[in-house]
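[1] Sequence isn't available, so here's the structure alone:
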């Protein structure tokens, strides 16, 4: 008995049968048909299903693609590569001549193909031999067929269908119709498997039935890269005079009833972009003189709104580091008689992507600082000759400089701006327009130039109350002469905003007292995340440092310390890491050395006590060492493991 390939066949059949969507469930490819823009963001894979090798191809804009191929042979070893051999290849190219040749079938040509490196090149790393391979599955000038969901299996070549059965876990002879996209290399008889799920027509019908309104926007794609196609849709009415739409945003995956996500008036609902193999749509909310952008995506099969609205519209995503939004305002001039500003202006602001949008924020610099750039003097001369004066010079985190200008007469004040790029210490004028630039328009996602954070942290350190002549409460340590011995500014959590690691002590090398801390920026304030103390001479206290270690796959922050007293010493280390932007404690290690005479005979047989002498029978005056990891005693025979696992090296 033949069946359709559906990974969740029972749920889908129940839903579509009850909803009446099973009829005509496949795409109507009439009219203009499929274009390369419909394939953008789709990932196709070629694999035997065994997992040892794979080729992966991702469609970009206009038929361009990138891909990679790798294959592992861990049994192929040698003195320089005891861990085996791996073949790899990264490549890019472009498909062209996309042509519909059947209701569910298209043809195309691999117009160009380039790979990184030369096939056969070898390199060795971490005990593995890496060999550059050819891009298996593709060749320049190769002809390909693209099969859409709904293709009848009986009409497809056996050379393609044999590649379908491995990922589906069934014989291709049992398959009646495809519910996924397929890409077939005709000459090599190789099949690359694309995303699956319900078809565009089925999802359109689901939204139409749920809304009862005209569909004004429909975006059908695998938004979260999980291999299942979903759709966002906007339904409602269009106001051609205003250039706006009034309606509702929907999401559907074909399994669940279409979900309404938002409603209202919008300037635009048809913008989208792809980043890090995720696809997003952008809705530009309607205001009388400006707009705000809302971004929606899919995570784990569920729709979500990207945190925070983006002030500005016309969002243009060029690449991860080059994104612009346009803020429009009435700030071209100020009419003194009317008492308000007029003149509609449009100004571009600059964003980048780091697990979400960040804005390249700016800080004001002086004319003296601006004049350090080559060509700056000529820019200021031109401004003066035009009858304007400089009111502000803003330098942004991406090197863009905005200069605000104004000129005044009896009836009005006119505002203009000049935008410049900085390259190799020189400035170049991009353009001159009307209106006033702000340093930042999205404060909650702002990333400023490095000097901003340096000044903020330096000011914080200088303003600490440690130097007020007081003593640390409960410790009796005089801290009137603190010396900062560690002052490291680095981005520890990967959000593009740096944190501060700081130690401050008294007593020079003996470090009689002081504090350690990890700090971060919260708005314009500096807040403390970790705190340590140093007291009682050179043996006592906490020290903070950024470190890597032999057991963790992420950067760590270590708060380490040592204390001494009568009969022994103790040392400790607490390891922290940022997880989803929050500081999390990973583990702690405690080591204590005590004189043997402080323990009874029973305690001395405890496997958690490690004798420090060589012959294993210390005198009463010798020391024994106790190790604890996360509050649990570590046995003496595990001492070497403890050292191997928790050794840290400072960066």
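    Structure's in. What do you need? Being a predicted model, the structure only gives us computed values, none of them experimental.
[2] low pLDDT regions in the stretch 51-200 of the chain?
    Counting by pLDDT under 70, the stretch 51-200 of the chain shows low-confidence ranges at 51-52, 165-172.
[3] again, only this time at 50
    In the predicted model of the stretch 51-200 of the chain, residues 168 satisfy pLDDT under 50.
[4] Break down it into its strands, ranges please.
    Per DSSP state E, counting those that start in this stretch, the stretch 51-200 of the chain carries strands over the ranges 53-59, 64-73, 85-102, 105-115, 122-125, 128-132, 143-147, 180-185, 190-196.
[5] now those as a markdown table including distance to residue 524 and mean neighbour count?
    Backbone N, C-alpha and C define where each C-beta goes, glycine included. Converted to a markdown table, those look like this (distance: least, CB to CB, whole Å; neighbours: other CB atoms under 10 Å):
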| stretch | distance to residue 524 | mean neighbour count |
| --- | --- | --- |
| strand 53-59 | 41 | 20 |
| strand 64-73 | 41 | 18 |
| strand 85-102 | 43 | 17 |
| strand 105-115 | 48 | 17 |
| strand 122-125 | 44 | 11 |
| strand 128-132 | 47 | 18 |
| strand 143-147 | 53 | 21 |
| strand 180-185 | 49 | 23 |
| strand 190-196 | 44 | 22 |
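[6] Among those, which comes closest to residue 546?
    Nearest to residue 546 among the strands of the stretch 51-200 of the chain is strand 122-125 (24.5 Å), distances taken as CB to CB.
[7] Within the sheet, what are the partner strands of the closest one, with directions?
    As defined by DSSP bridges, the strand partners of strand 122-125 come to strand 128-132 (antiparallel).
[8] Please tell me how far the nearest residue to residue 121 once chain neighbours are set aside sits from residue 82.
    With sequence-adjacent residues excluded and distances taken as CB to CB, 6 or more residues apart in numbering, residue 121 is closest to residue 132, at 4.3 Å. Distance of residue 132 to residue 82, given as CB to CB, to the nearest Å: 21 Å.
[9] again, but for residue 297
    43 Å.
[10] ok, these two, which is more surrounded?
    Set residue 297 next to residue 82 and count neighbours by other CB atoms under 10 Å: residue 297 wins out with 18 against 10.
[11] now residue 272, which residues is it bridged with?
    Here residue 272, judged by DSSP bridges, has bridge partners residue 281.
[12] ok, and for the helix or strand that residue 266 is a member of, which residues are buried?
    According to DSSP states H and E, residue 266 maps onto strand 259-275. By neighbour count with 16 or more other CB atoms under 10 Å, strand 259-275 contains the buried residues 261, 262, 266, 267, 268, 269, 271, 272, 273, 274, 275.
[13] again with stretch 434-444
    Buried residues in stretch 434-444 (16+ other CB under 10 Å): 434, 435, 436, 437, 438, 439, 440, 441, 442.
[14] how about the helices of the stretch 251-400 of the chain, start to end?
    Taking DSSP state H, counting those that start in this stretch to define them, one finds helices in the stretch 251-400 of the chain at 367-370, 376-385.
[15] could you dump those helices to JSON lines with distance to residue 427, mean pLDDT and mean neighbour count?
    Listed next are those as JSON lines, based on distance: least, CB to CB, whole Å; pLDDT from 0 to 100; neighbours: other CB atoms under 10 Å:
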{"stretch": "helix 367-370", "distance to residue 427": "8", "mean pLDDT": "96", "mean neighbour count": "13"}
{"stretch": "helix 376-385", "distance to residue 427": "5", "mean pLDDT": "96", "mean neighbour count": "14"}
